[in-house]
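[1] 3D model of this:
(one chain, ligands or ions: 2)
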Amino acid sequence: MSSSEKIALISKAEEHGARPAIIASEGTYTYDQLLQRSRQIGLALLDGKDDLGEARVAFLTPRGFHYVALQWGIWRAGGIAVPLCEIHPISELVYVISDSGASTIVAHPEFEAKLRVIARDLDVRFVVTEDLLSPTRGSLPQIDPVRRAMILYTSGTTGKAKGVVSTHLNIQAQVTSLVKAWGWVSEDYILHVLPLHHVHGIINVLTCALWAGARCEILPRFDPLQTWQTFVDRDLTLFMAVPTVYVKLIEAWEAAHPQEQKLMQEACQKFRLMVSGSAALPVSVLAKWKAVTGHTILERYGMTEIGMALSNPLRGKRLPGFVGTPLPQVEVRLVDDSGNPVEPGVTGEIQVKGPGVFLEYWQRPEETKASFRHGWFSTGDVAVVEKGMYRIVGRKSTDIIKTGGYKVSALEIEEVLRAHPAIRECAVIGIEDPEWGERVGVALNLHRGENLTLEELRTWGKKRLAPYKIPTRVVFVDDFPRNPLGKVKKALLKKLF
Ligand code: MLC
Ligand code: AMP
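    Ligands and ions are numbered 1, 2, ... in the order given. From the prediction side, this is the model:
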């Protein structure tokens, strides 16, 4: 049965059988156990049907084995996996579930209370993970790899988050590109500290590991000391994270006792590769990490819509401040405002083409169309080629902020904040920050006679926005600098912070 499903990841897993796949707080699980559990889940989700036929299944579990078994179960039943974010407030969960048109919500008991209410209000089938474990007979459908596999929500320049749809083939291309470029082998052992609703955690760490037959140890959340302890305790070979994680690990190392520092340093000698991405890695962090661990972090560049596109080399010189050259199966070019390729040394927008590039924005044909030009996906990121390598120099839009590796939309936050009774007008800005890359800052113009502290604003925001979207800096203004079209000049506002 399983070989006819044609999901390559599943066929690969069968080759790895009794090897350990996932190490998590709930235990250690082999590839066989993952196959068995995901099959059970797939059959239970089908509930007598032949095929879920690309029905969207939104799911929320703690990071660990349950997550992977569920993701694979959805795929094996022919569904589209829509991973939810464990720290999103109800309003954001409702948005993703409604926008994706999910017909089923699956929740681990830890999240049952929150999601059961949402399912009831939206009239969507609700299942607790434990209800998917009863032994079930039946067969799983054949899955054509061109079918849709996953929808990940990503912020854009137009307000609300959009669902990025990837097919099984897209995922396969993204994974095989990295497996080749970074030399993944079944002897690898990676520590996973990232969220499991974004491409970095799902593709680069989890799925690459499982494709290669490697071990993936998943921490329920990132904790610097636990991460260092796991470095010391295990025979890890790989680590991948966003720059903020490296900053926090360096801070923890600096705060440690010299004897502990030595153990931490020695532990890093077991690794063969450490990677950073999702936001610019400051050269100072790269240098500090090298001084602490001896490793030159490999920096790479990617995006939810395309997977990874550019990478420094596994072997050969890694250039600080640069993101390298195109990965296997990926074509990259820089274009000017008219869409014409630029000469080396001239800045231009990054465009990407290749089998890893996503299929569409979920039910947004116009936005999908607008993001492609002659088959090239326009990233909105601006770069230059120097010394034969790409260097990211900025973004076309000031309304996109990257904070702690999370992409957030200034417009989306502004829309939420405008609902606050004291706020007359606001402008959200990304402020450079050594720890978070950028912080979310807001310039506020309050209604006459109103007062609002940052703390009050943050408390109010917690019910409405994910924690990383809530401003951590505020300035009060009487008016906003605007261009002749009335648009707020955010570059000028930035100077106020
Ligand atoms: C949290 N805090 C922030 C913040 N996030 N403050 C400012 N800016 C932010 N962005 C505050 C909290 O309010 C809290 O404050 C304190 O920091 C600790 O919060 P936390 O939630 O415990 O933080 P932590 O778990 O340490 O989170 C840091 C992190 C996390 C780096 C682990 O941000 C993270 O997981 N980032 C990864 C996101 C990711 O996977 N991106 C990939 C997207 S895909 P207080 O006062 O309450 O204590 C992509 C494509 C590609 O980009 O190329 O990969
Ligand atoms: P996301 O939409 O969350 O997938 O974020 C993708 C964005 O992260 C890209 O469009 C870039 O702006 C940014 N990004 C990813 N990797 C890097 C990097 N190495 N340097 C600078 N920016 C990066």
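
[2] Between the two ends of stretch 202-219, how far is it?
    14 Å (C-alpha to C-alpha, to the nearest Å).

[3] mean confidence score for that stretch?
    The average pLDDT for stretch 202-219 rounds to 98.

[4] For Phe271, give me its contacts.
    By C-beta atoms under 8 Å, 6 or more residues apart in numbering, the contact set of Phe271 is Leu236, Thr237, Leu238, Phe239, Thr293, His295. Quick note: C-beta positions are derived from backbone N, CA and C, even for glycine.

[5] likewise Asp235?
    Tyr189, Lys270.

[6] again with Pro109
    Per C-beta under 8 Å, 6+ apart, neighbours of Pro109: Val128, Thr129, Glu130.

[7] rerun that using 6 Å as the cut-off
    Taking C-beta atoms under 6 Å, 6 or more residues apart in numbering as the criterion, Pro109 is in contact with Val128.

[8] Distance check, Arg147 against Trp211.
    18 Å (C-beta to C-beta, to the nearest Å).

[9] Mind splitting this protein into its structural domains?
    Using automatic domain parsing, the domain parsing of the chain gives 8-144, 400-494.

[10] From start to finish, how long is the last one in a straight line?
    If I follow you right, that is domain 400-494. Domain 400-494 end-to-end distance (C-alpha to C-alpha) = 14 Å.

[11] leaving aside the residues next to it on the chain, what's closest to Glu216?
    To be clear, residue 216 is Cys; Glu isn't right here. Ala209 (4.0 Å; C-beta to C-beta, 6 or more residues apart in numbering).

[12] Based on its surroundings, how many neighbours for the one you found?
    Ala209 has 26 neighbouring residues, counting by other C-beta atoms under 10 Å.

[13] So it sits against Glu217, correct?
    No. The pair Ala209 / Glu217 is not scored as a contact, 9.4 Å apart, by C-beta atoms under 6 Å.

[14] My reading is that Phe222 lies in a helix. Confirm?
    No. Secondary structure of Phe222 (DSSP: H, G, I helix; E, B strand; the rest coil): coil, not part of a helix.

[15] Verify the stated contact: it with His192.
    No. Between Phe222 and His192 there is no contact under C-beta under 6 Å: 9.6 Å.

[16] can you give me the strands in the stretch 51-200 of the chain?
    With DSSP state E, counting those that start in this stretch as the criterion, the stretch 51-200 of the chain has strands at 56-60, 80-83, 104-107, 125-128, 148-156, 159-167, 189-192.

[17] Let me know the distance separating Glu86 from Lys369.
    Counting by C-beta to C-beta, the gap from Glu86 to Lys369 is 33 Å.

[18] Also Ala18?
    Ala18 is 48 Å from Lys369, by C-beta to C-beta.

[19] same question, Ala44
    Going from Ala44 to Lys369 by C-beta to C-beta gives 38 Å.

[20] Comparing the two, which shows the higher neighbour count?
    Counted by other C-beta under 10 Å, Ala44 and Lys369 do not tie: Ala44 has more neighbours, with 20 against 11.

[21] Surely that one is in a helix?
    Yes. Counting by three-state DSSP, Ala44 falls inside a helix.

[22] doesn't Leu133 make contact with it?
    No. In this structure Ala44 lies outside contact range of Leu133 using C-beta under 6 Å: 7.5 Å.

[23] what does the stretch 201-350 of the chain put close to ligand 1?
    Gly201, Arg221, Phe222, Val242, Thr244, Val245, Lys248, Gly277, Ser278, Gly302, Met303, Thr304 (C-beta under 6 Å from any ligand atom).

[24] just curious, which of those is nearest to Phe65?
    Gly201 (14.8 Å; C-beta to C-beta).

[25] which residues touch the closest one?
    With C-beta under 6 Å, 6+ apart, Gly201 has these contacts: Leu194, Pro195.

[26] and Arg482, how many neighbours does it have?
    12.

[27] For it, give me its contacts.
    Val488.

[28] cool, Trp253 as well?
    Met264, Val292.

[29] okay, Lys369: pLDDT?
    97.

[30] Show me what counts as buried in the host helix or strand of it.
    Here Lys369 sits within helix 365-370, counting by DSSP states H and E. Neighbour counts over helix 365-370 (16 or more other C-beta atoms under 10 Å) mark Thr368 as buried.

[31] residue nearest the centroid of this structure?
    Centroid-nearest residue in the chain: His198, 2.3 Å away (criterion: C-alpha atoms, centre = their mean).

[32] what's the closest non-adjacent residue to it?
    Nearest residue to His198 in three dimensions, chain neighbours excluded: Leu152, at 6.5 Å (C-beta to C-beta, 6+ apart).

[33] Val165 is in contact with the one you found, correct?
    No. Leu152 is beyond contact range of Val165, at 8.6 Å (criterion: C-beta under 6 Å).

[34] distance between the ends of stretch 415-431?
    With C-alpha to C-alpha applied, stretch 415-431 spans 19 Å between its terminal residues.

[35] and that stretch, what's its mean pLDDT?
    96.

[36] likewise stretch 286-297?
    98.

[37] Give me the residues contacting that stretch.
    By C-beta under 6 Å, 6+ apart, the surrounding residues in contact with stretch 286-297 are Tyr246, Ile250, Trp253, Cys268, Met274, Ser276, Arg318, Pro320.

[38] 8 Å instead, please
    Contacts for stretch 286-297 (C-beta under 8 Å, 6+ apart): 246, 249-250, 253, 264-265, 268-269, 271, 274-276, 281, 299, 318, 320.

[39] centre of the chain versus it, how much separation?
    Put simply, stretch 286-297 sits 24 Å off its chain's centre (C-alpha atoms, centre = their mean, to the nearest Å).

[40] can you tell if that stretch touches ligand 2?
    No. Contact between stretch 286-297 and ligand 2 is absent, the nearest approach being 10.4 Å (criterion: C-beta under 6 Å from any ligand atom).
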